[in-house]
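>>> Predicted structure and sequence below. I'll ask about it afterward.
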Amino acid sequence: MRILSLGAGVQSSCLALMAQEGLTKHKPDYMIFADTGWEPKFVYKHVEYLRKAITICPLITVERAVSYTHLRAHET
């Protein structure tokens, strides 16, 4: 099983679109976007664009509900 970790930045988006066009040696079985919930709006718009543009495999969004206070509590 091949999984592309999609951060929605330049490199992973390029790999996703290249795979869609058949320009990579292997096609991913899944693409996964890990949503921190703190991304700028343009990132979410770009992920939606990729979700429509990529038809060779599912693009899965993983979300984790963690409060900001909880995250700050783990800082040293």
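Done, it's in. Numbering: from 1, shown residues only.
>>> if I pick Ser12, what's in contact with it?
By Cβ atoms under 8 Å, 6 or more residues apart in numbering, the contact set of Ser12 is 4-6. Glycine gets a C-beta too; all of them are placed from N, C-alpha and C.
>>> rerun at 6 Å
Ser12 makes contacts with Leu6, as judged by Cβ atoms under 6 Å, 6 or more residues apart in numbering.
>>> what helix or strand is it on?
Using DSSP states H and E, Ser12 falls within helix 10-20.
>>> next SSE after that helix?
Next element after helix 10-20 (DSSP H and E): strand 30-35.
>>> which residues sit against that following strand?
3-6, 16, 47, 57-63.
>>> buried residues in the helix or strand following that strand?
Where DSSP H and E defines the elements, the next helix or strand beyond strand 30-35 is helix 41-53. For helix 41-53, the neighbour count (16 or more other Cβ atoms under 10 Å) marks 43, 46-47, 50-51 as buried.
>>> Likewise for stretch 19-32?
Buried residues in stretch 19-32 (16+ other Cβ under 10 Å): 19-20, 28, 31.
>>> Can I get the residues you listed in TSV including pLDDT?
Below are these laid out as TSV (pLDDT from 0 to 100):
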residue	pLDDT
Ala19	98
Gln20	98
Pro28	98
Met31	98
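>>> roughly how far apart are the nearest residue to Gly37 once chain neighbours are set aside and Ile54?
Nearest non-adjacent residue to Gly37, counting by Cβ to Cβ, 6 or more residues apart in numbering: Glu63, 6.9 Å away. Distance of Glu63 to Ile54, computed by Cβ to Cβ, to the nearest Å: 19 Å.
>>> do the same with Trp38
Counting by Cβ to Cβ, the separation of Trp38 from Ile54 is 24 Å.
>>> The two: who's more crowded?
Between Trp38 and Ile54, counting by other Cβ atoms under 10 Å, Ile54 is the more crowded of the two (19 against 8).
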